[in-house]
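K.L.:
show me the folded form of this:
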Amino acid sequence: MRSIISITVFVAIAICLFASLPHVFGASSQDASSALANAKQALQTAFVNVLEAEKSGVNVSVLIYQLNEAGGSLTSAETAFSNSDYSETVNLADVSETLANGVSTDAAAMKIQAPDWFSSSLTTLAVSFLASGVFIAILTLTWLSFKRYYLRRMSKSRPKVIDYADFE
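P.N.:
As a prediction, this is how the structure comes out:
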């Protein structure tokens, strides 16, 4: 009886230990190569979207930083693939794809907002040029009126003849 209880306890402990171990799922080279291809495609799409957003006049410096992070993850994934670490390749490629998809979404949103931003800065620029023109016009009119006043004053004044003998 004692041996049956000890065998039962041993089997129960072994089952509990086996059940508590983390599950390890390995990835094949085909899974890794597919993940790399998806990440590369997402990164190319993100690059094109950022380029289009930049052409529309939006500041894309934050997107370029995120694009560089996605590219770094893709490079690490390719290194892991060359070292035959397929699970790490899939993980890093997924991170790169997620970052690239986020950049694409942000770039598309910025591109949609670009006309509003561009028109508001164009309006600010136009107001600045208009104010500069008004200031220059007022300055020119002031100068002309002062010049006219000065010339009239000078023409009304009588020249004095000074005898140099008084200074000696």
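
K.L.:
could you check how far the spatially closest residue to Glu52 that is not a sequence neighbour is from Met154?
P.N.:
Leaving out its chain neighbours, the residue that sits closest to Glu52 by C-beta to C-beta, 6 or more residues apart in numbering is Lys111, at 5.9 Å. Bear in mind the C-beta positions are built from the backbone N, C-alpha and C, glycine included. Taking C-beta to C-beta, to the nearest Å as the measure, Lys111 falls 64 Å from Met154.

K.L.:
and what of Ile138?
P.N.:
Ile138 is 25 Å from Met154, by C-beta to C-beta.

K.L.:
just Ser28 next, same as before
P.N.:
Here Ser28 is placed at a distance of 99 Å from Met154 (C-beta to C-beta).

K.L.:
also Glu97?
P.N.:
Taken as C-beta to C-beta, the span from Glu97 to Met154 is 82 Å.

K.L.:
quick one, which of the two is more surrounded?
P.N.:
A count of neighbours by other C-beta atoms under 10 Å puts Glu97 above the other of Glu97 and Met154, at 23 against 8.

K.L.:
which ones are touching that one?
P.N.:
Ala35, Asn38, Ala39, Ala42, Leu43, Ala70 (C-beta atoms under 8 Å, 6 or more residues apart in numbering).

K.L.:
hmm, try it at 6 Å
P.N.:
Residues in contact with Glu97 (C-beta atoms under 6 Å, 6 or more residues apart in numbering) are Asn38, Ala39, Ala42.

K.L.:
and the residue nearest the centre of the chain, how close does it get to Thr105?
P.N.:
Nearest residue to the geometric centre of the chain (C-alpha atoms, centre = their mean): Val62, 2.2 Å. Val62 sits 13 Å away from Thr105, going by C-beta to C-beta.

K.L.:
Leu36: what's it in contact with?
P.N.:
With the criterion set at C-beta under 6 Å, 6+ apart, Leu36 makes contact with Ala93.

K.L.:
I'd like the numbering to begin with 235 instead of 1 from here.
P.N.:
With the count now opening at 235, the last piece we talked about shows up as Leu270.
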